[in-house]
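Visitor: can you look at this prediction? I've put the sequence above it.
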Amino acid sequence: MTVLIINIKQLVQVRQNNVTVVKGKEMADLPVLENAYLMIEHDTIVEFGPMSELDEIEADEIIDAKDRIVLPTWCDSHTHVVYAGNRVGEFEDRINGLSYEEIATRGGGILNSAKLLAETSEQELYEQSIKRIHKLIRLGTGLLEIKSGYGLSLDAELKMLRVIRKIKKELPITVKATYLAAHAVPKEYKDNKSAYVDLVVNEFIPTIAKEKLADYIDVFCEKGYFDVEDTEKILKAGVDHGLVPKIHVNQFNIIGGVEAAVQHNALSVDHLELLDDNDLEHLKGSRTMPVALPGCSFFLSIPYTPARKIIDIGLPLALATDYNPGSAPSGNMNFVVSAACIKMNMTPAEAINAATINGAYALGVSNQYGSICRGKKANVMITKEIPDYRYLPYSFGEDCIDKVLVHGMIWDL
Ligand SMILES: [Zn+2]
């Protein structure tokens, strides 16, 4: 099967070499080829170039992309898209004046999602989740990470991770699974958190690793949740069982989690709404990708990750949705890219780099995804008629995506 896309107004994120990450000033460079073609064989990008260099227009499927932009699909490296029900009640409570932390103290928040999850069967959970993901692919997401973490008990965590495994099998897109071992302290361990951490370390992690249900290990390192000592214990246990750390850190407070994550060779540190010079120093020279989640900042009205500070000192930055029922109930990467430009002062080029190649890096697969490069997987999206790639973040809220190709196949659900 060959697919040839012709007359592409702008072919965006074109790389002659297989670049796997872009940092600092490089993030402002988004290579674009005007009036281009793109050739796909089976699931792989085999050729591209200016239309003037295309010898013959021949393929099993030819797509005319006149006045349209083609770019790699979004790489969403941080979601909690497997969840039960929703939290619209808390949404209204917050509008009426309660804070996210106050709602959590009243038994709402993550514990509320855990309760709903416990009451939902594995099949029902799968069906609710897959419906959401189908919509995300239509919006251009071609690489997806999904976390557990609403289970809190071993059985419920296994249920979530099995649902993620089924999603991996059923969907054409690449999905990575994260065991979010410590998301909130279960009620029954309220006064004995260290016993819960011991349980996670000695029982949950070995079981989940043995069943090969996760690629990554994650912790919500935050005041009132899990401190640095807990985080280190859990990360170490995860690493000992072959899981790679990716953690939630610096959302509401700076407590030293970034340093701990870097020391454990984390692939990413996510959130970073707060970030001090000490954190930045630790990130310099590490392999750890900072990940910003502007949808969460928008929804909770909390500070945005200081993207300029991160990029201007030469670090890379990735963007993801944090899609979850409590603090970011949207998995729309187009909105995330807009919010990054509008609220975080990133240029369209920087935001698109952060949402494609650097997102793929944050999932350890940027050698295969995240740019238009010969030999890479053919995950590309074709926009509706738009004037220029910068129009994507500029026209926030508009649905500009027309077609999505996943591994060379047109997504038509
Ligand atoms: Zn999250």
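Guide: Yep, it's here.
Visitor: tell me the spacing between M1 and A378.
Guide: Separation of M1 from A378 (C-beta to C-beta, to the nearest Å): 10 Å. Placement of C-beta: from N, CA and C, glycine included.
Visitor: next, show the common contact partners of these two.
Guide: Shared contacts of M1 and A378 (C-beta atoms under 8 Å, 6 or more residues apart in numbering): G408.
Visitor: between these two, who's got more neighbours?
Guide: Neighbour count, other C-beta atoms under 10 Å: between M1 and A378, A378 has more, with 24 against 11.
Visitor: that one and D64, how far apart?
Guide: Distance, A378 to D64, using C-beta to C-beta: 17 Å.
Visitor: repeat for R165
Guide: 39 Å.
Visitor: repeat for K166
Guide: Here K166 is placed at a distance of 37 Å from D64 (C-beta to C-beta).
Visitor: then N35?
Guide: Per C-beta to C-beta, N35 is found 12 Å from D64.
Visitor: which neighbours do these two have in common?
Guide: Common neighbours of N35 and D64 (C-beta under 8 Å, 6+ apart) are N7.
Visitor: quick check: buried residues in stretch 78-97?
Guide: By neighbour count with 16 or more other C-beta atoms under 10 Å, stretch 78-97 contains the buried residues 78-84, 87, 90, 93-94.
Visitor: could you do stretch 57-70 as well?
Guide: Buried, per 16+ other C-beta under 10 Å, within stretch 57-70: 59, 63, 65, 68-70.
Visitor: out of the residues you listed, what pair is the most spread apart?
Guide: Greatest spatial distance among the buried residues of stretch 57-70 (C-beta to C-beta): A59 and I69, at 20.1 Å.
Visitor: how about S366, secondary structure?
Guide: State at S366, reduced to three classes by DSSP: H, G, I helix; E, B strand; the rest coil: coil.
Visitor: residues touching it, list them.
Guide: Counting by C-beta under 8 Å, 6+ apart, S366 has contacts 20-21, 357-358, 360.
Visitor: against T178, how distant is it?
Guide: According to C-beta to C-beta, S366 and T178 sit 17 Å apart.
Visitor: quick one: the strands in the stretch 301-413 of the chain?
Guide: For the stretch 301-413 of the chain, the strands defined by DSSP state E, counting those that start in this stretch cover 318-319, 380-385, 401-406, 409-410.
Visitor: could you dump the ones you listed into TSV and include distance to E281 and mean neighbour count?
Guide: Formatted as TSV, the strands of the stretch 301-413 of the chain follow (distance: least, C-beta to C-beta, whole Å; neighbours: other C-beta atoms under 10 Å):
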stretch	distance to E281	mean neighbour count
strand 318-319	20	31
strand 380-385	37	21
strand 401-406	39	21
strand 409-410	45	14
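Visitor: can you lay out these as a markdown table showing mean pLDDT and distance to Y216?
Guide: A markdown table is the format used below for the strands of the stretch 301-413 of the chain (pLDDT from 0 to 100; distance: least, C-beta to C-beta, whole Å):
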| stretch | mean pLDDT | distance to Y216 |
| --- | --- | --- |
| strand 318-319 | 98 | 14 |
| strand 380-385 | 98 | 26 |
| strand 401-406 | 97 | 22 |
| strand 409-410 | 96 | 27 |
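Visitor: to I5, which of the ones you listed lies closest?
Guide: Relative to I5, the nearest member of those by C-beta to C-beta is strand 380-385, separated by 6.9 Å.
Visitor: how long is stretch 7-23 from one end to the other?
Guide: End-to-end span of stretch 7-23 (C-alpha to C-alpha, to the nearest Å): 31 Å.
Visitor: what about it, average pLDDT?
Guide: For stretch 7-23, the mean per-residue pLDDT is 97.
Visitor: list the buried ones in that stretch?
Guide: 7-15, 19-23.
Visitor: quick check, nearest of those residues to Q128?
Guide: Q128 lies nearest to Q13 out of those, by C-beta to C-beta, at 32.7 Å.
Visitor: that closest one against M27, yeah?
Guide: No - applying C-beta atoms under 8 Å as the test, Q13 and M27 come out as separate, 11.9 Å apart.
Visitor: I am finished for the moment; much appreciated.
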